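Chemist: what's the 3D shape of this:
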Amino acid sequence: MIGNSTAQTRLCPNCANSIEENATNCPYCKVDLLVQFIPQWLKRDQSPSEPQLGSGDNKRFPIPPMFMWIGAMVVVAVIAFFAGGYVQHSQLLALSQANSKELQAKNQMIQSQEAQLAQTRQQLNENSNQVAEVKTKLEESQKELSATQQRIRAATGEIARLKASRPVAIARTRSPVPAASLPAPARSRAEPGVYEITRPTSVYEDPSAASRVVSQISSGTRINVVSSTGNWLQVQSRHGNPPGYVRSDDARLIARAN
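Modeler: I've put the predicted structure just below:
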């Protein structure tokens, strides 16, 4: 047996409920479907001043509830769409503000680091200038030290030259008699032979401190004496150096000549 679910249905023109297609009366509103009539819902909405609808208007059917539900759902969807867009816009705005604050904080941090970097560079430049000044002073001190060393060497050479050219000191005695009244002691003639220099001295071209200095001899050097003249010893070099004279007080006899 076939159930009622397979029967064809239509909408009641008066109450818009679903009824069988061959029904003569609506089981809901009890209206006679064979007589032409105006639906109750149209009569309620129609004002008295409005003209009565013709017979052709009875053929219009009311909007089905399904379409109404679909329209409501569309409206709800549109409202939800705009509401979601507004929420999303609010979230984006809040995120943008947060990013802006974070960017400002980073910019401030960068500016602070740039200021520190500029200060560090300034300190580095000042330190470089100080190092350059210290280096300049050190170079000047080295120059002064070198000049002082040269002066010391010159003074040492002058002292050695003065020592080599000083006259023979007169020995003092304990006698109260003036030295001018004492006769000069007789000095023995120096013997030829090998002598050793007892202190640094100069070799002169002639037996005189006013003559030209030929060379310098350091202490401990051995010389070959060939003759003597007063307080001077005539030396002859074995290494090809020019002959000259040295003071007898600056040398002592080591070995006599054969």
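
Chemist: Let me see the mean pLDDT of the helix or strand where Phe82 lies.
Modeler: Applying DSSP states H and E as the criterion places Phe82 in helix 65-165. Averaging pLDDT along helix 65-165 gives 85.

Chemist: what are the C-alpha coordinates of the biggest strand by length in the chain, in CSV please?
Modeler: Determined from DSSP state E, the single longest strand within the chain is strand 222-229. Provided in CSV are the C-alpha atoms of strand 222-229 (Å, rounded to 0.1, in the frame of the first residue of the first chain):
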residue,chain,number,x,y,z
ARG,A,222,150.1,47.2,24.2
ILE,A,223,152.4,49.5,22.2
ASN,A,224,155.9,49.3,20.8
VAL,A,225,158.1,52.2,22.1
VAL,A,226,161.2,52.9,20.0
SER,A,227,162.5,56.0,21.8
SER,A,228,161.5,58.8,24.2
THR,A,229,161.7,62.6,24.3
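
Chemist: In its sheet, which strands sit next to that strand, and in what direction?
Modeler: Note on strand 222-229: by DSSP bridges, its sheet partners are strand 193-197 (antiparallel), strand 232-235 (antiparallel).

Chemist: Buried residues in the last one, which are they?
Modeler: So the one you mean is strand 232-235. By neighbour count on 16 or more other CB atoms under 10 Å, the buried set for strand 232-235 is 232-235. (C-beta placed from N, C-alpha, C; glycine too.)

Chemist: Stretch 195-210 too?
Modeler: Here stretch 195-210 shows 195, 197, 200-204, 207, 209 as buried, counting by 16+ other CB under 10 Å.

Chemist: and Val246, that one's in a strand?
Modeler: Yes. Counting by DSSP: H, G, I helix; E, B strand; the rest coil, one finds Val246 located in a strand.

Chemist: Let me see the contact set for the closest residue to Val213 other than its chain neighbours.
Modeler: Leaving aside its chain neighbours, Val213 sits nearest to Ser202 (4.7 Å; criterion: CB to CB, 6 or more residues apart in numbering). Residues counted as contacts of Ser202 (CB atoms under 8 Å, 6 or more residues apart in numbering) are 160-161, 164-165, 213-217, 246.

Chemist: Give the PyMOL command for selecting the buried subset of the residues you listed.
Modeler: Per 16+ other CB under 10 Å, the buried members of the contacts of Ser202 correspond to this PyMOL selection:
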select buried, resi 160+164+165+214+217+246
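
Chemist: The contacts of Ser202 into CSV, with extra columns for distance to Asn125?
Modeler: Converted to CSV, these look like this (distance: CB to CB, whole Å):
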residue, distance to Asn125
Ala160, 52
Arg161, 53
Ala164, 58
Ser165, 59
Val213, 57
Val214, 61
Ser215, 58
Gln216, 54
Ile217, 59
Val246, 64
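
Chemist: what's the helix holding Phe82 packed up against?
Modeler: Helix 65-165 sits against strand 201-204, strand 213-217, with contacts defined as 3 or more CB pairs under 8 Å, 6 or more residues apart in numbering; DSSP states H and E.
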